[in-house]
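**Student:** build me a model:
(chains A and B)
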Amino acid sequence: MFDSAPEIATPENYLDYIDRKIILATQQGLPLVPRPYHQLAEELGIKAETIISRIKTMQQNGLIRRIGVVPNHYKLGYKANGMSVWDITDKHIHEVGKEIAALPFVSHCYQRPRYLPHWPYNLFAMLHGHSREEVENHIQKMVELLGERRLTHDVIYSRRILKKTGLRLITEK
Amino acid sequence: MLKLTIQKETNQVAVSELTDLERRFLNAYQHEFPLSPMPYADIADELGVTETKILEMLDSLSRRKILSRIGPVFTPNRAGASTLVAMAVPAEQLEEVAALVNSYDEVNHNYERLNDFNLWFVLTASDRNRIEEIIQELRDKTGFQILNLPLEQAYHIDLGFPLWC
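**Tutor:** Purely as a prediction, here's the structure:
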């Protein structure tokens, strides 16, 4: 019956204009008022109940990963954020990705493409620490954990924030 | 002429400067924020304070820039497309190139990093074509080496991040 339906949903075929309006209105945060969904309802001309149920559906679909407080980690003293980049043997990339993601000091862990010869790294892990020493200790633990599955690695610290705005997934055009 | 504005390094807040309520709130509501008509009243009940107290705390956390936002955290590349881009820019041209990069609305994070690839930014657009178009424009305008590093697989489960443990 659904033979013609695409196997993998794409944004175009499962996000309708109501979802898009809700994403647009909430991606930079909910209003800090007693009835935030009702305030959005008034702004968007969509019922608050609809907004809530659409958000729930987007969460069930995995489009929304979590709903909650997004603290400013930098302001809270997690200043030494190191972007660690790793060249992991291809056949171990998935197991290594999962092991690294499970470490308590890792917030994000992504596989990304290599660009040889300039860029040999295929795994990124964002490490958090209060000091550079703390981050270096984390790295040492990771090196031990990975053993020969690690070919090489580097840690790239940030020097300055040049731009930081709330995430915009979709823009109004 | 594009002007580069740099976010100044602001004073950090020590955990000890946070109230007990603020700590409990920041740790407990990084996920499962209530999807109910009066979420702050529900949080107030759970934390044993009044709704007014919660709203005042939120106002204070925002003013002190401890709170980035409260709301949904979207999964990358599901609503629209995004990628991480690295550029290798000579130090003397960094300001100029950063200003060019920042002039795109599709750029939301841009960091100077200590590496040969010294400019790192996230591009987010409605679709993949727009991302490719911007990268090509940057290549044409600057001539510098650019790495387009879209995520191929995410391994972490984002439940927020423990602030102190």
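
**Student:** tell me where chain B has strands.
**Tutor:** Applying DSSP state E to chain B gives strands spanning B:67-74, B:81-87, B:107-113, B:119-125, B:146-149, B:153-154.

**Student:** where exactly do the helices run in chain B?
**Tutor:** B:20-28, B:39-47, B:51-63, B:94-102, B:128-142 (DSSP state H).

**Student:** is chain A within reach of the first one?
**Tutor:** Yes - using C-beta under 8 Å from any C-beta of the partner chain, helix B:20-28 reaches chain A at B:25-26. The C-beta positions use only the backbone N, C-alpha and C, and glycine is treated the same way.

**Student:** packing partners of that helix?
**Tutor:** strand A:64-71, helix B:39-47, helix B:51-63 (3 or more C-beta pairs under 8 Å, 6 or more residues apart in numbering or on different chains; DSSP states H and E).

**Student:** so of those, which one's packed in deepest?
**Tutor:** Stretch with highest mean neighbour count among the helices and strands packed on helix B:20-28: strand A:64-71 (a mean of 22; mean count of other C-beta atoms under 10 Å in any protein chain shown).

**Student:** so which residue of chain A comes closest to chain B?
**Tutor:** Nearest residue of chain A to chain B (C-beta to the nearest C-beta) works out as residue A:29 at 3.1 Å.

**Student:** which non-adjacent residue is nearest that residue?
**Tutor:** Once flanking residues are discounted, residue A:29 sits nearest to residue B:69: 3.1 Å by C-beta to C-beta, 6 or more residues apart in numbering or on different chains.

**Student:** hey, what's that neighbour bridged with?
**Tutor:** Going by DSSP bridges, residue B:69 is paired in beta bridges with residue A:70.

**Student:** middle-most residue in chain A, spatially?
**Tutor:** Nearest residue to the geometric centre of chain A (C-alpha atoms, centre = their mean): residue A:108, 6.5 Å.

**Student:** now do the SS call for it.
**Tutor:** What DSSP: H, G, I helix; E, B strand; the rest coil gives for residue A:108 is strand.

**Student:** where are the low-confidence patches of chain B?
**Tutor:** B:1-16, B:79, B:157-165 (pLDDT under 70).

**Student:** and it, what are its domains?
**Tutor:** B:19-63, B:81-149 (automatic domain parsing).

**Student:** make a markdown table from those domains and add distance to residue A:159 to it.
**Tutor:** Below are these laid out as a markdown table (distance: least, C-beta to C-beta, whole Å):
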| stretch | distance to residue A:159 |
| --- | --- |
| domain B:19-63 | 27 |
| domain B:81-149 | 4 |
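
**Student:** okay, strands next: where are they in chain A?
**Tutor:** Along chain A, the segments classed as strands by DSSP E run A:64-71, A:82-88, A:106-111, A:123-127, A:150-164.

**Student:** who wins for proximity to residue B:35 among these?
**Tutor:** Comparing the strands of chain A against residue B:35 with C-beta to C-beta, the closest turns out to be strand A:64-71 (6.9 Å).

**Student:** so for that closest one, what's the average pLDDT?
**Tutor:** What strand A:64-71 shows for mean pLDDT is 90.

**Student:** so what touches that strand?
**Tutor:** Here strand A:64-71 makes contact (C-beta atoms under 8 Å, 6 or more residues apart in numbering or on different chains) with A:29, A:55, A:58-59, B:25-26, B:29-33, B:35, B:66-75, B:158-161, B:163.

**Student:** chain center to it: distance?
**Tutor:** Distance of strand A:64-71 from its chain centroid, counting by C-alpha atoms, centre = their mean, to the nearest Å, is 10 Å.

**Student:** compare the strands of chain A and report which one is nearest to residue B:140.
**Tutor:** Closest among these, using C-beta to C-beta: strand A:150-164, at 21.1 Å.

**Student:** between the closest one and strand B:119-125, how big is the angle?
**Tutor:** Using axes from the mean of the first three to the mean of the last three C-alpha atoms, to 10 degrees, one finds that strand A:150-164 and strand B:119-125 are set 70 degrees apart in direction.

**Student:** which residues touch the spatially most central residue of chain B?
**Tutor:** In chain B, the residue lying closest to the centroid (C-alpha atoms, centre = their mean) is residue B:109, at 6.5 Å. Residues in contact with residue B:109 (C-beta under 8 Å, 6+ apart) are A:161, A:163-165, B:121-122.

**Student:** redo that, cut-off 7 Å
**Tutor:** Counting by C-beta atoms under 7 Å, 6 or more residues apart in numbering or on different chains, residue B:109 touches A:163-164, B:121-122.

**Student:** again, but for residue B:119
**Tutor:** B:87, B:89, B:94, B:97-98, B:101, B:112.

**Student:** in chain B, which residue sits nearest chain A?
**Tutor:** Nearest residue of chain B to chain A: residue B:69, at 3.1 Å (C-beta to the nearest C-beta).

**Student:** sounds good, over and out.
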